[in-house]
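>>> let's see this in three dimensions:
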Amino acid sequence: MGSNYDSTLIKDSTLKMSDREVGEAAEKIFKQSAYEYGHGGYTGKLAEKLGNGIAIYRGHSCNSIEEAEKCIKEDFNHDKWGPADVVPVINVGWYIGGWCST
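Presented below is the predicted three-dimensional model:
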């Protein structure tokens, strides 16, 4: 089976959300994705991260969404079966991305 990269953004321009708050927001996003794309697996969407948690990289602040995507795709050891990666984007919020099974 393959994988597809999927991502979204949690708006928080001040980046003051706690890890718990970011985790709760991410879980809602994963559940919504599962609702929209199904619970059968292999959707290639963030629904595949439901139950796998997140890895927050507060020390990897990015200046743009494009930079955040590049950072996640190239700098982190990610797994389509593992947690979604989360990096802060200055003045924007929390970028969530990851490779999702298809």
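>>> residues touching Thr102, list them.
Contacts were defined as C-beta atoms under 8 Å, 6 or more residues apart in numbering; by that measure Thr102 touches 1-4, 42-44. In short, each C-beta sits where N, CA and C put it, glycine included.
>>> which PyMOL command selects the buried ones in those residues?
Only the buried members of the contacts of Thr102 enter the following PyMOL selection, criterion being 16 or more other C-beta atoms under 10 Å:
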select buried, resi 3+42+43+44
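>>> okay, and which of the contacts of Thr102 map to strands?
Counted as lying in strands by DSSP state E, out of the contacts of Thr102, are 3-4.
>>> and which of the contacts of Thr102 is nearest to Gly97?
Within the set of the contacts of Thr102, Asn4 lies nearest Gly97; the separation is 11.2 Å, counting by C-beta to C-beta.
>>> got the contact list for that closest one?
Asn4 makes contacts with 44-45, 99-100, 102, as judged by C-beta under 8 Å, 6+ apart.
>>> and if we set it to 10 Å?
By C-beta atoms under 10 Å, 6 or more residues apart in numbering, the contact list for Asn4 reads 42-45, 48, 80, 98-102.
>>> what's the lengthiest helix in the chain packed up against?
Once the chain is assigned using DSSP state H, the helix that runs over the most residues is helix 19-37. Contacting helix 19-37 under the criterion 3 or more C-beta pairs under 10 Å, 6 or more residues apart in numbering; DSSP states H and E are the following elements: strand 3-11, strand 54-56, strand 84-89, strand 93-101.
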